[in-house]
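Asks: here is my input; please provide its structure:
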Amino acid sequence: MFNQLKPLPADAILGIMQLFRADESSGKVDLSVGVYQDDDGNTPILESVKRAEKIVYEQEKTKSYVAPAGNPAFNRLVEELLFGADSPLIRDRRVATLQSPGGSGALSVAAHLIQRARPGARVFCSDPSWPNHVPLLSLAGLKLEPYPYYDFAAHKIDFERMAATIEKMHAGDYLLLHGCCHNPCGADLSQAQWRVVAELCSRLGVIPFIDFAYQGLANGLQEDAYGVRLMTDTVPEFIVVSSYSKNFGLYRERVGACSIVYESVNHREAVVTNLANVARSLYSMPPDHGAAIVATILGDAALTAVWHGEVDAIRNRLNGQRQLLVDKLRARGTSTDFSFIANECGMFSFLGFSREQVIRLREEFHVYMVESSRINVAGVNSRNVDYVVDAIAAVD
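Replies: Numbering: from 1, shown residues only. Just a heads-up that it's a prediction; the model follows:
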């Protein structure tokens, strides 16, 4: 049977990671891996997580399954984090949330729910977008189409072309948007641009589908929710999938959520039961440990305060590294103006280099990044920043 299978090429990012591990250079630098790192190059366990984990261990009484919908306290507190504790959506019971195995699990659940509700629906994804959006959504049978987003030459959002493309969408189409910290380009919609997008969706009947994986890492936990909360007041229904890998550092625990906003509480039973049935069909039951940690933190005022401070520190470090790179590259007198890096958000940015330049960085200087020239700015630290800057300047 399996002799009919053919080997597949390595995943673009995983392939670079393999090359990095095989490199014996003591000065090698990895700017490809898509996780947050501190100045020591570690992906730390947050203090709030450590404290919450201890509470979970002490209070946990069973290892039995949780329901397909997941941890009820987690789902309720996530809704407050996303939409605001005083959100009319929560008050009027117009949102249903299901815990999922990571943001990827949330995307998969949402895609299969869309396919049930509207078979063969079109989902428009930004160009570029997170590469895993394509397999996760298309596997459910959805039709994916691109919309213009990032102008690589100008290093900014091509909003005029983006809006013009949305104008041509049909009622019932889905518009996949990055809530903040766009992966892979780091260029986020301004509040004014979010308002234009929301108005277009409302007028045309296009359904926003927001991937919100980095809340708190752009401008702040409340500030980053602007687009999500704007849709509350603008469109009757939309989808938010969220991840807690980044802002809680719970990568390996696989903690995510799929939140469905519907027009009337009369739709609640249909949405809730179909969400649970999709989850039951895909993976049966979600893991509990990570969700219990998040629920413990968000349900305790003191732990929440500690967590807020840690998210602030992560965001400030990322923004500080961006400005540091720009300042040092400017001081080197590079021919390229890299100031756009400081204007972008989150972990990722494109250098704007060709594949040949990226290969030179890898082979001559042992500086690794995805061949699109996407870098993770969190991989830059106080020990390697000057070396990275010198390498970039050498191939610029």
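Asks: hmm, S32 and V370 touching each other?
Replies: Yes: using C-beta atoms under 8 Å, V370 is in contact with S32, at 5.3 Å. For glycine as for every other residue, the C-beta is placed from the backbone atoms N, C-alpha and C.
Asks: need the overlap of contacts for those two.
Replies: Taking C-beta atoms under 8 Å, 6 or more residues apart in numbering as the criterion, V370 and S32 both touch I13, I16.
Asks: who has more neighbours, those two?
Replies: Legend: neighbour count by other C-beta atoms under 10 Å for V370 and S32, higher for S32 (24 against 21).
Asks: not including adjacent chain positions, what is the nearest residue to the more buried one?
Replies: Leaving out its chain neighbours, the residue that sits closest to S32 by C-beta to C-beta, 6 or more residues apart in numbering is I16, at 4.4 Å.
Asks: now that neighbour: how far from V109?
Replies: 29 Å (C-beta to C-beta, to the nearest Å).
Asks: ok, now D11?
Replies: Counting by C-beta to C-beta, the gap from D11 to V109 is 22 Å.
Asks: so which of these two has more stuff around it?
Replies: More crowded of D11 and V109, by other C-beta under 10 Å: V109, with 31 against 12.
Asks: packing partners for whatever helix or strand the more buried one lives in?
Replies: Secondary-structure assignment from DSSP states H and E places V109 in helix 102-117. Applying 3 or more C-beta pairs under 8 Å, 6 or more residues apart in numbering; DSSP states H and E, one finds that helix 102-117 contacts strand 95-101, helix 133-138, strand 207-212, strand 238-243, strand 255-261, helix 268-282.
Asks: format these as TSV; extra columns: mean pLDDT, distance to L46 and mean neighbour count.
Replies: Listed next are those as TSV, based on pLDDT from 0 to 100; distance: least, C-beta to C-beta, whole Å; neighbours: other C-beta atoms under 10 Å:
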stretch	mean pLDDT	distance to L46	mean neighbour count
strand 95-101	97	20	26
helix 133-138	94	27	17
strand 207-212	98	19	24
strand 238-243	98	15	26
strand 255-261	98	13	28
helix 268-282	96	27	16
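Asks: compare the ones you listed and give me the one nearest Q222.
Replies: Nearest of the helices and strands packed on helix 102-117 to Q222, taken as C-beta to C-beta: strand 207-212 at 13.2 Å.
Asks: who's in contact with the closest one?
Replies: 82, 103, 107, 110, 114, 123, 130, 133, 172-180, 197-198, 201, 225, 227-228, 231, 235, 237-243.
Asks: mind naming the longest helix for this protein?
Replies: Secondary structure of the chain per DSSP state H: the longest helix is helix 301-331.
Asks: would you tell me what the next helix or strand after it is?
Replies: Next along the chain after helix 301-331, taking DSSP H and E as the criterion, comes helix 340-343.
Asks: quick one: buried residues of that following helix?
Replies: In terms of neighbour count (16 or more other C-beta atoms under 10 Å), helix 340-343 has its buried residues at F340, I341, A342.
Asks: for stretch 36-49, same thing?
Replies: For stretch 36-49, by 16+ other C-beta under 10 Å, it's Y36, Q37, L46, S48, V49.
Asks: give me the contacts around it.
Replies: Contacts of stretch 36-49 (C-beta under 8 Å, 6+ apart): 35, 246, 248-251, 293, 297, 303-304, 306-307, 310, 314, 317-318, 347, 376, 378-379, 381-382.
Asks: now it: average pLDDT?
Replies: In this model, stretch 36-49 has an average pLDDT of 95.
Asks: how far is it from where the chain is centred?
Replies: With C-alpha atoms, centre = their mean, to the nearest Å as the basis, stretch 36-49 stands 18 Å off its chain's centre.
Asks: just the terminal-to-terminal distance for that stretch.
Replies: 15 Å (C-alpha to C-alpha, to the nearest Å).
Asks: which other helices and strands contact the strand or helix carrying I297?
Replies: For I297, the element it lies in under DSSP H and E is helix 289-298. With contacts defined as 3+ C-beta pairs under 8 Å, 6+ apart, the packing partners of helix 289-298 are helix 47-59, helix 72-83, strand 255-261, helix 301-331.
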